[in-house]
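Enquirer: Mind looking at a prediction? Sequence and model below.
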Amino acid sequence: MSSTTWVTRNGRATTVTKYVILTVVAIPWTLLPLWMLVVNSFKTESDAAVPSIALPETWNIVENYTTVFTDGDYLIGLRNSLMVSVPTVLAVLLLGSMAAWSFARSRSRSLRFFYYVMALSIILPPAIVPTVVLLTRTGLTSTVAGYILALVGTRLGVMVFLATGYIRTLPIDYEEAAQIDGASRWQVYRHVIVPLMAPILFTVAVMTVINVWNDFFFALYMLKGAGNATLPLTLYNFANSSQYGVRRNLVFAHVLMTSLPLLVAYIVLQRKVLSGLTDGGVTG
Amino acid sequence: MTTHMPRRVAVFAAAGASTALLLAGCAGGAESTGSVDLSSDAPTGVTLTMWHSSADSQALLDLYAAYEEASGNTIDFVDLPNDTAPAAVQTKWATGERPDILQYNPSPQDMAQLNMSENMIDISALDYVADSKLSNVAGTIDGVTYGVVLGPVSVYGLYYNKDVLAAAGLDTPPQNAADLLAACSAIQSSGSDASAVFMGGGSEWPSMMLPGFAYMGDANQGNAYGEAVAAGDVKVNDDGSPVETGLQMVVDLREAGCFNDDYSTATYEESLKALLDGTTGMTVLPSDQIAELYAAADAATVDATVGFTSFSAETGVPSYNAGPFGSYFAPKTGDAEKERAAVDFLDWITTEGYQGYVDQAQIVPTISTADAGSLSGLYAEAAELLQRDDATIGFNASIPGFGNFGGIAVKVLVGQSTPSQGVDDWQVFIDQAIAAQQ
Amino acid sequence: MHATEAIVTGKPVARTRRRAGGLISPPARGQRDGRRISYRLWFALPAIALTVFFFGLPFIANAFLSFTKWTGFSSTISFNGLDNFISLSKLGILGHATYVTVVYAVITMLAQNVVALMMAKALQSSNRLNTFYRSLFFAPVLFSPLAAGYIWSAMLAPAGPINGFIGLFVPGFHFAWLGEQSTALIMVALIDAWKWSGLVTLVYISGLNTISRSVIEAAVLDGASAWRRFRSIEMPLLAPAFTFNVVLTLVGSFSALDIIFSTTKGGPGDATEVLNFAVYNQYGQGLFGTSSALSFMIAILVMITAVPLIWYLRKREVHE
């Protein structure tokens, strides 16, 4: 894939300077915070109370991480986070793309009205108490199912908005062709639309999974804690489990463990994620 | 062309109807079942939901487990993050959710926020009420008791570094405002590097301790001041208001250079450290922090270095407060069996289970049927203060809109506001809160 | 492939043929519409139902509740007109929280977009080295806002590494970045910006890469300097990406809460009390009606900012 680079006169010198500056910036940007996170999670509580980049005096790795697993309910949180994130993302992708197809191909006024409602849902903040009341009245309060539904309902907006715009740019010929060939609407959706939408599905999946995995606000009010707490909730509870303030070493260990699944997934899928989000060369 | 108008109207009508449904849902919770019949046997095998702070001490957690074993009931815990627990309780409460057992602040003001008479089970018939030393000021509203208070009860006092005070020629630590200012100049003229008084403005709540919780002990004897403010008879910005003079004392101390240099940003943890290493002479904090002092250094050092005494505007009267830890209520849920079990829980922890808890938590018992363990060091000093006859409940107990005092105290401390402006601002909040309660 | 590009530019994208399936002529127009309306509706129904149920209804209910007297003190809810808003503004909460939120949003938006634009320009070409740096700068996006707050409150602590580094040049430097009234808000906004810049950068890179090579080459041949090229060609053509990013960052920071929770909790004093946090505070006092009113204020703020902003930015977009 060709990229748009310009031939400049003082090529080499500027390039070198550029990367030097980038590296210098990357230090406080990513490397230092990550280092702080890792190193402080290895320290004892009093050691970590004064935050520094120094190596630990006493190496407390095993104790800290064990505490995270036991007191910090890590495995429960991990299980719940997976149980919530995966269905939520799938639901958003499936239902959102289905709706986007309708919105993109229809001239119906009422559909247009609902499209705007969904677009608005991206920018307007959700009203938490009425949502929880709703869940209570339908018997879904404090359940994972209710939480998932609430998440999906508020995250669909992004999917629909982006996908509708995207589908509108696709020529309608393929759908029509398939329809003529006798395919049912569902088959058209499955075999024509979804493959064509793959890039946007991927982009939204990435954005949604990061958002849902790290959701704290909804979880605080919609989950009971204990048995069905997700990772951000267990993190916050854990950080607040001492009456006397934040135990930094343990909190950092928990933060690492919470972000680890995403970090691992990111490293593995790195190239796909980045290319999916950036490649926009005009020539294919 | 199409039938969109009626459809749109239908949509909004549906929305309006559902909103009405929601509103109806928010008003009130379960049907009230009145108070519970204590003559019936306590049920067993019941699962009770408890909302509690994520920072419960091990002693409390063991108490819960002991109850489960003794009664055969199970407790389903909902952990609320400690520093957001009050707001989290309110928010969940607003949605109509009700736990079977609620751990909550038993001050009358906080209790009013949950509309006790409609939402909580009346437990005035329990043995606890007669035996408790606090039941008339905590957990009780309008003569009806809804909550039990196990302790720990916080005592507000003056922590002092014995060496710094001795070096300044002070035999006894100051216990009122005038003596405090005198002590401050004594320390300053003794040539010591130590700051006279440590103010942890960065943590915010410490700035309420000196001018508020401790200082107001005299004015609030018998909860007189708080109740008068709640009734609207007295305003905090009246002439000669003790709140204003308390804030003025802080300003005087600041201008005399009595505080540590970083008073606006220092944290309360730093105040404890400064106490131990002698870089400050005194600080006013609740007795809760005693445990932290002992965690930071060995007992012998702490006892030799730090002392704890009472402080108030004029007479050195100790003030105390019962917080959410160790305080429990039983909301009405409409499930008779669970309500009976919840009341059984409240009963058990204040009778059979109580001594075990007192022993493990090393606290001063709030119920006369239990013996205090032998306490030593600072714990003993705090216990002594708590058990004095003139000990007074903190002035926040009944003042509506009290939550705003913290911000105002900080503003006065750092000089963003004057004492008289501060009390004026606070009265506006109090008026709003009083209006909201009508 | 060309996902972001299509969103960002709003243009149809040339596609290679996939499943053409022979010579066919599309059916007559009227026939097409009539046949398809039914399935289109029910294809969209689940999404619409969920959004209406979990976003629409709560929103409308919240709007109604803003005009009621609803507290924990009593179980009756009654309409009280604009009283909530009036008392909130009398207490200074409404005005102050709005001010803090706007300042926060503007700082975040500016910081994010300026930094992202610079990084996008630097990392525009898709080679190995750039991909490495892109992922390096993208990493913070993966952390939860809560975690970001915990990390940075450690970094910015008076005895923390940032001060330590500054202390190398200014001995004895001991400043509470998050504890001083003057800097707390800026710092929290910058933490928010830090967290999202990586993502914003990627969107800008995508936008930059869609600018046709020939246009730039023509400019180079004409002797335009790099800065001139950037200003007159790339920036206008970047407008769709710019719109997307500006709106998202501005609106996202109106809803900021998690970072405040893990750093300053509205402090020092009320210096970082954004609207969402003021909502939470009102709840803590059992005042639900006023809390809903504040929530509603956020919605209004978002609408009066986002809608004209989008309209204005869309107008300025230049399509090749």
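Expert: Arrived safely, thanks for sending.
Enquirer: Is any residue of stretch A:87-105 near chain C?
Expert: Yes - contact of stretch A:87-105 with chain C (C-beta under 8 Å from any C-beta of the partner chain) involves A:L95, A:G96, A:M98, A:A99, A:W101, A:S102, A:F103, A:R105. To be clear about C-beta, it is placed using only N, CA and C from the backbone, and glycine gets the same treatment.
Enquirer: Strands of the chain, residue ranges please.
Expert: All of this refers to chain A. For chain A, no strands are identified by DSSP state E.
Enquirer: ah, no, chain C please
Expert: Counting by DSSP E, chain C has strands at residues C:68-69, C:78-79.
Enquirer: Can you say which of these is nearest to chain A?
Expert: Nearest to chain A among those is strand C:68-69 (12.2 Å), distances taken as C-beta to the nearest C-beta.
Enquirer: so how far is the closest one off the chain centroid?
Expert: Here strand C:68-69 is found 31 Å from its chain centre; the criterion is C-alpha atoms, centre = their mean, to the nearest Å.
Enquirer: ok, now stretch C:50-60?
Expert: 21 Å.
Enquirer: likewise stretch A:200-217?
Expert: 3 Å.
Enquirer: Tell me the buried residues in it?
Expert: Neighbour counts using 16 or more other C-beta atoms under 10 Å in any protein chain shown place A:200-217 of stretch A:200-217 among the buried residues.
Enquirer: Also stretch B:328-348?
Expert: Per 16+ other C-beta under 10 Å, stretch B:328-348 contains these buried residues: B:328-333, B:335, B:338-348.
Enquirer: Just the ones in strands from these, please.
Expert: Per DSSP E, the subset of the buried residues of stretch B:328-348 in strands is B:Y328, B:F329.
Enquirer: Also within reach of chain A: list those from the buried residues of stretch B:328-348.
Expert: Applying C-beta under 8 Å from any C-beta to these, none is adjacent to chain A.
Enquirer: Narrow the buried residues of stretch B:328-348 to those in helices?
Expert: B:K338, B:E339, B:R340, B:A341, B:A342, B:V343, B:D344, B:F345, B:L346, B:D347, B:W348 (DSSP state H).
Enquirer: Return the closest of those residues with respect to chain C.
Expert: B:E339 (18.4 Å).
Enquirer: so how far is chain A from the closest one?
Expert: Look at B:E339 and chain A: by C-beta to the nearest C-beta, to the nearest Å, they are 19 Å apart.
Enquirer: so who does the closest residue to C:W177 other than its chain neighbours touch?
Expert: With C-beta to C-beta, 6 or more residues apart in numbering or on different chains as the criterion, C:W177 has its nearest non-adjacent residue at 4.1 Å, and that residue is C:L156. Going by C-beta atoms under 8 Å, 6 or more residues apart in numbering or on different chains, C:L156 touches C:I162, C:N163, C:W177, C:L178, C:M187.
Enquirer: Can you say which two of these are spatially most distant?
Expert: By the measure C-beta to C-beta, C:N163 and C:M187 form the most distant pair in the contacts of C:L156, at 12.4 Å.
Enquirer: Next, show the common contact partners of those two.
Expert: Joint contacts of C:N163 and C:M187 (C-beta under 8 Å, 6+ apart) are C:L156, C:W177.
Enquirer: tell me the contacts of A:V251?
Expert: A:L235, A:F238, A:A239, C:Y150.
Enquirer: Quick one: which of the residues you listed is the most crowded by neighbours?
Expert: Neighbour counts for the contacts of A:V251 (other C-beta atoms under 10 Å in any protein chain shown) peak at A:L235, which has 30 neighbours.
Enquirer: where does that one land on pLDDT?
Expert: Predicted confidence (pLDDT) for A:L235: 81.
Enquirer: That one reaches C:G149, doesn't it?
Expert: No - the criterion here is C-beta atoms under 8 Å, and A:L235 misses it with C:G149 at 11.1 Å.
Enquirer: neighbours of the residue of the stretch 51-200 of chain A found nearest chain C, just the number please.
Expert: Nearest to chain C, among the residues of the stretch 51-200 of chain A, is A:G153, at 2.7 Å (C-beta to the nearest C-beta). Applying other C-beta under 10 Å, we find 28 residues neighbouring A:G153.
Enquirer: can you map out the helices along chain A?
Expert: A:11-26, A:32-41, A:45-49, A:61-70, A:74-105, A:109-123, A:128-137, A:144-168, A:173-180, A:185-188, A:194-213, A:217-222, A:231-239, A:248-278.
Enquirer: For the shortest one, give the mean pLDDT please.
Expert: Averaged over helix A:185-188, pLDDT sits at 82.
Enquirer: What of the third one?
Expert: Averaged over helix A:45-49, pLDDT sits at 75.
Enquirer: picking that back up, and of the strands of chain C, who's closest to chain B?
Expert: Nearest of the strands of chain C (C-beta to the nearest C-beta): strand C:68-69, 7.5 Å.
Enquirer: Direction included, what does that closest one pair up with?
Expert: Strand C:68-69 has its sheet partners listed here by DSSP bridges as strand C:78-79 (antiparallel).
Enquirer: Near chain B, which residues of the stretch 201-320 of chain C are found?
Expert: Checking the stretch 201-320 of chain C against chain B by C-beta under 8 Å from any C-beta, the hits are C:261, C:265, C:267-270, C:280-281, C:283-288.
Enquirer: what does the model give A:V39 for pLDDT?
Expert: The model reports A:V39 with a pLDDT of 88.
Enquirer: just checking, it touches A:P56?
Expert: Yes - A:V39 lies in contact with A:P56 (C-beta under 8 Å); the separation is 6.8 Å.
Enquirer: check contacts around the residue of the stretch 151-300 of chain C at minimum distance from chain A.
Expert: For the stretch 151-300 of chain C and chain A, the shortest gap (C-beta to the nearest C-beta) falls at C:A154, measuring 3.8 Å. When the contact criterion is C-beta under 8 Å, 6+ apart, the partners of C:A154 are A:M36, A:N40, A:P51, A:R248, A:F252, C:G160.
Enquirer: Out of the residues of the stretch 201-320 of chain C next to chain B, flag the one nearest to B:A196.
Expert: Of those, the one sitting nearest to B:A196 (C-beta to C-beta) turns out to be C:P268, at 23.1 Å.
Enquirer: any idea how far the closest one lies from C:L301?
Expert: Noted for C:P268: a distance of 24 Å to C:L301, by C-beta to C-beta, to the nearest Å.
Enquirer: If you count surrounding residues, which of these two has more?
Expert: For the pair C:P268 and C:L301, the greater number of neighbours falls to C:P268 (27 against 18), based on other C-beta under 10 Å.
Enquirer: Residue 190: neighbour count?
Expert: Using chain A here. 12.
Enquirer: that's the wrong chain, I wanted chain C
Expert: Look at C:L190: counted by other C-beta under 10 Å, it has 19 neighbours.
Enquirer: Tell me how far the nearest residue to it once chain neighbours are set aside lies from chain A.
Expert: Nearest non-adjacent residue to C:L190, counting by C-beta to C-beta, 6+ apart: C:A111, 5.8 Å away. Separation of C:A111 from chain A (C-beta to the nearest C-beta): 13 Å.
Enquirer: between the contacts of C:A154, which is nearest C:V247?
Expert: A:M36 (32.6 Å).
Enquirer: buried residues in whichever strand or helix holds B:Q188?
Expert: Using DSSP states H and E, B:Q188 sits in helix B:177-189. Under the neighbour-count criterion of 16+ other C-beta under 10 Å, helix B:177-189 has B:A177, B:D179, B:L180, B:L181, B:A183, B:C184, B:A186, B:I187, B:Q188 buried.
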